[in-house]
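Asks: Sequence and predicted structure below; questions after.
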Amino acid sequence: MNSYLQEMLGRVIFYVGDIVIDLSTRNVGVLLNRERHIDIVEDDMYFWTIKWSSENEVLNVDYIEEEHLKFLIFLKKMKWQSIKGDNCDL
């Protein structure tokens, strides 16, 4: 991974209560819980539980890996607003 991408993704720090918006479905989600999983290849991996505003959306998952969520924000597939004031303007 190049240093620019690492720097941009490193700026995203999630907290319980942060808001994410899936731009394809316009569904709003709240980050509820962060869980650590140990993987032999990737070492520590973190997953977030998300509560979506509309539970009928097939495309929205309730459980997402943290780095994948960061990539979606970087690629402008999702918007993010932190309870600490940070946002998706990477």
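Replies: Cool, got the structure.

Asks: In this model Arg11 seems to touch Lys70, though I could be wrong.
Replies: No. Here Lys70 does not reach Arg11: they are 9.2 Å apart, not a contact under C-beta atoms under 8 Å. In this view, the C-beta of every residue, glycine as well, is placed from N, C-alpha and C.

Asks: Comparing those two, which residue is more hemmed in?
Replies: Lys70 (21 against 12; other C-beta atoms under 10 Å).

Asks: Would you mind giving the secondary structure of Glu7?
Replies: Judged by DSSP: H, G, I helix; E, B strand; the rest coil, the three-state class of Glu7 is helix.

Asks: Hmm, I typed the wrong one, I wanted Leu31.
Replies: Leu31 is classified as strand under three-state DSSP.

Asks: Excluding residues flanking it in the chain, which one is nearest it?
Replies: What sits nearest to Leu31 in space, not counting adjacent residues and going by C-beta to C-beta, 6 or more residues apart in numbering, is Asp18, at 4.6 Å.

Asks: Please name the residues that touch the one you found.
Replies: Counting by C-beta atoms under 8 Å, 6 or more residues apart in numbering, Asp18 touches Val30, Leu31, Trp80, Gln81, Ser82, Ile83.

Asks: Just the strands from this protein, written as ranges.
Replies: In the chain, the segments counted as strands under DSSP state E are 19-22, 27-39, 43-52, 63-65, 78-81.

Asks: of those strands, which approaches Gln6 most closely?
Replies: strand 43-52 (15.8 Å; C-beta to C-beta).

Asks: Tell me the bridge partners for the closest residue to Trp48 other than its chain neighbours.
Replies: Of all residues not flanking Trp48 in the chain, Leu31 sits nearest, at 5.1 Å (C-beta to C-beta, 6+ apart). With DSSP bridges as the criterion, Leu31 is bridged to Ile50.
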